[in-house]
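Colleague: Kindly return the folded structure for what I paste below:
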Amino acid sequence: MSFHPEPELRGHTLVVTVSSHDGRPVLDRHAYASLASTFHEAAVNDDVRVVVLRGLAGCFCLGGDFSEFLDATKHQQLIAAVTDMFRMLATFPKPVLACVDGDAVGVGCTILFHCDMVIASRGSTFRVPFVDFGLVPDAATSILAPQKLGYAGAFRFFCLGDTLGVDDAKALGLVGEIVDGSAEETALVRARQLAKKPVAALLQTRALLKGDTDPLCDRIDHEISLFQQALQDDATLKRLQRIARLAA
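Modeller: Have a look, this model is predicted:
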């Protein structure tokens, strides 16, 4: 039985839930493949003008599925699904909004760097513990984070691995809007505003603002290569096994 809400088209806004299909607030290879497929279809569907990403109740996303990191038989499929999803996200031609209610960790946070607007409720937190795990950042955030947060802010966030509260995340530029109520309701209001704009002008303006996405795709490939190498390192695997046991 699937506990994962299917993408839902509300007017011209596609609402997509970031989670595994068995109801966990993590992304496994099946979730990456599903997200990639959803974005591929939305890119060519004229009825979709804006995408809103949301998490499960009380949590945006806690990152990748550790069990797949530790299972070498799943690495090839995982890497292929991750690469396809990140590349699709980097080149997606329409506005993407995220509503964060709760924790955004690891890939659950790096996804946000591709969003045009991030709306978060008070109490939401943001953390990218890749270095602590012996891994490197993903989703081309080695380019996007310095652009958005500045080099010093990106270095502190990624290399120290500190947890950011919502006010600090907004001060750095990761979050665009903080709401006292439901972040999803506010995101849907913003999405409806965008969906009413002249489509061609909106998409062209967004494309001009984002610029050339080829460097992002190249960086995604490089990051994934380094990520894959790290998963073959004994010290990294032992560290991930230890973390997985603590999280169990």
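
Colleague: now the helices: where do they sit in the protein?
Modeller: 29-44, 66-69, 75-91, 107-110, 130-133, 141-149, 151-155, 166-172, 183-195, 199-210, 214-230, 234-247 (DSSP state H).

Colleague: okay if I get the ones you listed as JSON lines plus mean pLDDT?
Modeller: Listed next are the helices of the chain as JSON lines, based on pLDDT from 0 to 100:
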{"stretch": "helix 29-44", "mean pLDDT": "97"}
{"stretch": "helix 66-69", "mean pLDDT": "90"}
{"stretch": "helix 75-91", "mean pLDDT": "96"}
{"stretch": "helix 107-110", "mean pLDDT": "97"}
{"stretch": "helix 130-133", "mean pLDDT": "94"}
{"stretch": "helix 141-149", "mean pLDDT": "97"}
{"stretch": "helix 151-155", "mean pLDDT": "97"}
{"stretch": "helix 166-172", "mean pLDDT": "97"}
{"stretch": "helix 183-195", "mean pLDDT": "97"}
{"stretch": "helix 199-210", "mean pLDDT": "98"}
{"stretch": "helix 214-230", "mean pLDDT": "95"}
{"stretch": "helix 234-247", "mean pLDDT": "86"}
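
Colleague: who wins for proximity to Gly58 among those?
Modeller: Ranking those by proximity to Gly58 (CB to CB) places helix 183-195 first, at 11.6 Å. Glycine gets a C-beta too; all of them are placed from N, C-alpha and C.

Colleague: Can you give the distance of the closest one from its chain's centre?
Modeller: 18 Å (CA atoms, centre = their mean, to the nearest Å).

Colleague: and that helix, what other elements does it pack with?
Modeller: strand 13-17, strand 50-54, strand 96-100, strand 117-121, strand 177-179 (3 or more CB pairs under 8 Å, 6 or more residues apart in numbering; DSSP states H and E).

Colleague: so what strands line up beside the second one?
Modeller: The pairing partners recorded for strand 50-54 under DSSP bridges are strand 13-17 (parallel), strand 96-100 (parallel).

Colleague: Between strand 117-121 and the last one, find me the angle.
Modeller: So that's strand 96-100. If you take axes from the mean of the first three to the mean of the last three CA atoms, to 10 degrees, strand 96-100 sits at 10 degrees to strand 117-121.

Colleague: same question, the first one
Modeller: Here strand 13-17 points in a direction 60 degrees away from that of strand 117-121 (the same axes, to 10 degrees).

Colleague: Tell me the confidence at Lys197?
Modeller: Turning to Lys197, the model gives it a pLDDT of 98.

Colleague: What is the burial count for the nearest residue to Ala31 once chain neighbours are set aside?
Modeller: Spatial nearest neighbour of Ala31, excluding adjacent residues (CB to CB, 6 or more residues apart in numbering): Ser20 at 4.9 Å. Residues lying near Ser20 (other CB atoms under 10 Å) number 21.
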